[in-house]
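Undergrad: any chance you could fold what I've pasted below:
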Amino acid sequence: PWSLARLRDDGALAIPDIQFLDSDEVPEMSRWLRQGIPSLLIVPVREGREIVGVLGCETLGRVRHWGQRDRQLLATMAEICQRFLDDSAAARRLAQANERAGDLAELLPEALAMTDTDGEGVVWNPALAELSRMAPEQTRGRSAAAVLDEFVPGGGKWLRGQAGDDPVEASTLVEIPDRQDGS
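TA: Next comes the predicted model:
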């Protein structure tokens, strides 16, 4: 509790000699001494503004006066942890958003394909599968341009921006038969 309050207020905790702390104010002191820790340096690891962990260095058996270089090294390591957490959190949120979008795409009556940032197919909904006569598993991990070329010749070239203003010549359009149900 005492150390967490210091981390929130000061951003770091450097204690060269624990024995000089007031044991009435610092409940953690008795645990540190039992573990044989006379000196410690702690920095917070944050996710946003919230402290989600700590990164610390402890000495065993001898007192250490923590220098600026020690503090900078530990702070840099904590920053790397924070970036990893931020990236991991962003990756989790993106994966959840993609999953929700994929679930929604499955329900849409309109043909819909979604790609990742590399242009590879990640969602090929049932309406598009029916229209293209290509199962979703035939499209995963393939470029959208290559997949489009399979059912609209020249479509991949248009998608890559290599065609003129007219995306597909009329002669290359694929005839889509009418649905049996009259829609």
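
Undergrad: the residue nearest to P126 when sequence neighbours are not counted sits in which helix or strand?
TA: Distance criterion Cβ to Cβ, 6 or more residues apart in numbering; nearest residue to P126, sequence neighbours excluded, is E106 at 6.5 Å. For the C-beta atoms, the positions are set from N, CA and C on the backbone; glycine is no exception. Using DSSP states H and E, the element containing E106 is helix 68-107.

Undergrad: helices or strands up against that helix?
TA: Applying 3 or more Cβ pairs under 8 Å, 6 or more residues apart in numbering; DSSP states H and E, one finds that helix 68-107 makes contact with strand 39-47, strand 50-59, strand 113-115, strand 121-124.

Undergrad: and the gap between the residue nearest to P126 and K157?
TA: 29 Å (Cβ to Cβ, to the nearest Å).

Undergrad: with V54 instead?
TA: V54 sits 55 Å away from K157, going by Cβ to Cβ.

Undergrad: ditto for A127
TA: According to Cβ to Cβ, A127 stands 24 Å off from K157.

Undergrad: just D116 next, same as before
TA: Counting by Cβ to Cβ, the separation of D116 from K157 is 21 Å.

Undergrad: who has more neighbours, those two?
TA: In terms of neighbours (other Cβ atoms under 10 Å), K157 is the more surrounded of D116 and K157; the figures are 16 against 13.

Undergrad: which of the helices or strands spans the more buried one?
TA: helix 155-159.

Undergrad: just the pLDDT for the residue nearest to the spatial centre of the chain.
TA: The chain has A91 as the residue nearest its centroid, 1.7 Å off, counting by Cα atoms, centre = their mean. A91 carries a pLDDT value of 79.

Undergrad: average model confidence for stretch 50-60?
TA: For stretch 50-60, the per-residue pLDDT averages 84.

Undergrad: what are the buried residues along it?
TA: Going by neighbour count (16 or more other Cβ atoms under 10 Å), the buried part of stretch 50-60 is 55, 57-59.

Undergrad: do the same with stretch 67-74
TA: For stretch 67-74, by 16+ other Cβ under 10 Å, it's 71, 74.

Undergrad: going forward can the numbers begin at 46, since that is how I track them
TA: In the new numbering, first residue 46, that becomes stretch 112-119.
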